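S.K.: generate a structure from the sequence data that follows.
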Amino acid sequence: MTTRQLRLLRAASASSVATLLAGVSHTVAGGAAPHPLLLLAIAVLLLPIAALLIGVRASRVRVAATVVVSQCAFHVVFQLLGAPTGTTVLSGHQHHLDLSVLGPVSSAAAPDAAMLLAHLAAAALTTAVLWHGEATVRAVAGWVQGRLRRAVPVLQARYERPALPVAPLPLLVSAALSSSVSRRGPPSLA
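M.R.: Predicted coordinates for the structure are as follows:
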């Protein structure tokens, strides 16, 4: 895997995990459940920003910054869109945007201290999951690779190679006779 691919993979995992945990935390805290398409759209739109923030070599500070930016973007979009939810209950609240594709719309409250603390806790949890997640995935992949190597039988030859001769074979034709034989020219008619 190239460094560019690894960087994009880290950025995709950071933006998607941060957005998903922000949505789940929002729902667990008593807010409206975000629509899955909204979570997917935010995670995809944040991918280039996350790739810039993660950088070539990931560090805890960069991962934490990516998580905080992803969660803030999720929260801002969720607030601006009026908290589009994935539920089927119609609330009657209308906005200037047509969000019928995303589902019904409910009003969202401004952030208070408890919500900000909850977002900080979710950001800390997400950073820990992402930071230790890559090492865990590498360890599990190494374990699986080791198990697969042991499961593949080693092919062994069914015959043994002949031993190399110890002494060279003697020439059966003398050197004087072999130098007088000429093989050049057209075949002779005998």
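S.K.: separation between the closest residue to residue 122 other than its chain neighbours and residue 12?
M.R.: Counting by CB to CB, 6 or more residues apart in numbering, the nearest residue to residue 122 once its immediate chain neighbours are dropped is residue 25, at 4.3 Å. Quick note: C-beta positions are derived from backbone N, CA and C, even for glycine. Applying CB to CB, to the nearest Å, the value for residue 25 to residue 12 is 20 Å.
S.K.: please apply the same query to residue 81.
M.R.: Taking CB to CB, one finds residue 81 at 23 Å from residue 12.
S.K.: quick one: the helices in the protein?
M.R.: Along the chain, counting by DSSP state H, helices occupy 3-28, 36-45, 47-54, 60-80, 113-151, 175-180.
S.K.: report all helices and strands that the second one contacts.
M.R.: Put plainly, it is helix 36-45. helix 3-28, helix 60-80 (3 or more CB pairs under 8 Å, 6 or more residues apart in numbering; DSSP states H and E).
S.K.: of these, which is nearest residue 120?
M.R.: helix 60-80 (8.5 Å; CB to CB).
S.K.: neighbours around residue 145, how many?
M.R.: 10 (other CB atoms under 10 Å).
S.K.: surely residue 125 touches residue 21?
M.R.: Yes: applying CB atoms under 8 Å, one finds residue 125 in contact with residue 21, separated by 6.8 Å.
S.K.: okay, the two: which has more neighbours?
M.R.: residue 21 (20 against 14).
S.K.: for that one, give its distance to residue 36.
M.R.: 14 Å.
S.K.: format the helices of the chain as CSV; extra columns: mean pLDDT.
M.R.: Listed next are these as CSV, based on pLDDT from 0 to 100:
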stretch, mean pLDDT
helix 3-28, 85
helix 36-45, 88
helix 47-54, 89
helix 60-80, 85
helix 113-151, 84
helix 175-180, 62
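S.K.: among the ones you listed, which comes closest to residue 162?
M.R.: Of all these, helix 175-180 comes closest under CB to CB, at 27.7 Å.
S.K.: if we can go back for a sec, need the helices and strands packed on helix 36-45 in CSV with distance to residue 46, can you?
M.R.: Listed next are these as CSV, based on distance: least, CB to CB, whole Å:
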stretch, distance to residue 46
helix 3-28, 4
helix 60-80, 5
